[in-house]
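Participant: Quick one, what's the 3D model for this:
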Amino acid sequence: MTAFTDNELSCNGFLGGRVQLLQPHKGYRAGVDPVLLAAAVPAAPGHAVLELGCGAGQALLCLGGRVPGLSLAGVELQLPYADLARRNAAANDQKLEVVEADLSSLPSELKQRHFQHVIANPPYYKRGAHSQSEDAGRRRALGEETPLADWIAVAARRLAPKGYLHMIQRADRLPDMLAGCSGSLGSLEILPLCPRAGRAAELVILRARKGGKADFRLHAPLVLHEGHQHERDGDSYQPKIRAVLRDAAALPWPQ
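Facilitator: Numbers count the residues shown, from 1 in each chain. Next comes the predicted model:
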């Protein structure tokens with residue numbers, strides 16, 4: 001695959017325009033999921049953050065847009081998206097190291113490093129569980145090629161002691177996430193994300209800690225939209241969610 005040309009791209013604003021990202025017209029395009037993932041990370045200036053499967057850099061650059069002074073690195077298998085992540089970082093005046101590699105064979109230099117935070121937004125669907133897109137980039141983004149347990153195992157190895165993994169996934173993949181953490185990560189917390197009050201959670205955010213010993217916590221769902229159904233055009237996000245998406249606020253993680 002070759003790099004995207006300019007006429008294959010559009011520029012979209014995130015965090016109320018604080019972050020401007022080039023994205024392909026066709027293929028994987030970021031929605032709110034990577035923004036919510038980035039907002040869940042309790043990073044502080046000086047921390048090192050690694051994203052597995054960074055795509056065009058949406059989550060990392062939104063995190064860097066909220067928390068200055070981070071050391072950001074991403075691993076991306078597909079060359080066009082890795083190239084786009086570098087372009088997006090430069091356009092937003094952020095430093096981002098992008099490593100082109102498969103999770104199963106990371107470069108030796110990266111294997112020698114550890115990070116306070118690892119984040120990931122892996123493909124949502126198990127192999128064969130989602131209709132195949134004609135676009136290879138979108139197919140890889142939606143359909144699992146590397147088992148979810150491998151994502152978590154790689155994350156655990158790259159975390160520094162007491163470091164945190166944050167992962168956003170479909171709610172029906174929760175058993176796989178919990179199984180993947182067994183024996184390598186602890187202090188597991190799950191924050192369900194519900195589209196509206198009274199509806200089942202469609203997504204969850206996992207927080208896990210290397211060396212953590214705290215009991216498992218299943219938090220009350222975080223409701224994204226106001227009202228029980230979509231009743232009008234425009235933004236219907238809850239105020240605290242709107243603050244995350246528009247004002248670069250941290251996600252209100254339960255205490």
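
Participant: can we go C-alpha only for contacts and neighbour counts from here?
Facilitator: Will do.

Participant: any idea where the helices of the stretch 101-250 of the chain begin and end?
Facilitator: Counting by DSSP state H, counting those that start in this stretch, one finds helices in the stretch 101-250 of the chain at the ranges 108-111, 136-142, 148-158, 174-181, 239-247.

Participant: Give the rounded mean pLDDT of the helix or strand in which residue 72 is found.
Facilitator: If you go by DSSP states H and E, residue 72 is part of strand 71-76. For strand 71-76, the mean per-residue pLDDT is 98.

Participant: So which bits of it are buried?
Facilitator: Buried residues in strand 71-76, counted by 16 or more other C-alpha atoms under 10 Å: 71, 72, 73, 74, 75, 76.

Participant: out of those residues, which one sits closest to residue 51?
Facilitator: Of all these, the one with the least separation from residue 51 (C-alpha to C-alpha) is residue 74, at 4.6 Å.

Participant: Okay, and the beta partners of that closest one?
Facilitator: residue 51, residue 98 (DSSP bridges).

Participant: Surely it touches residue 56?
Facilitator: No - contact criterion C-alpha atoms under 8 Å: residue 74 and residue 56 do not qualify, at 9.7 Å.

Participant: Check the separation of the first and last residues in stretch 102-114.
Facilitator: 18 Å (C-alpha to C-alpha, to the nearest Å).

Participant: same question for stretch 97-106, mean pLDDT?
Facilitator: 96.

Participant: Surely residue 69 and residue 46 touch.
Facilitator: Yes - between residue 69 and residue 46 there is a contact under C-alpha under 8 Å: 5.6 Å.
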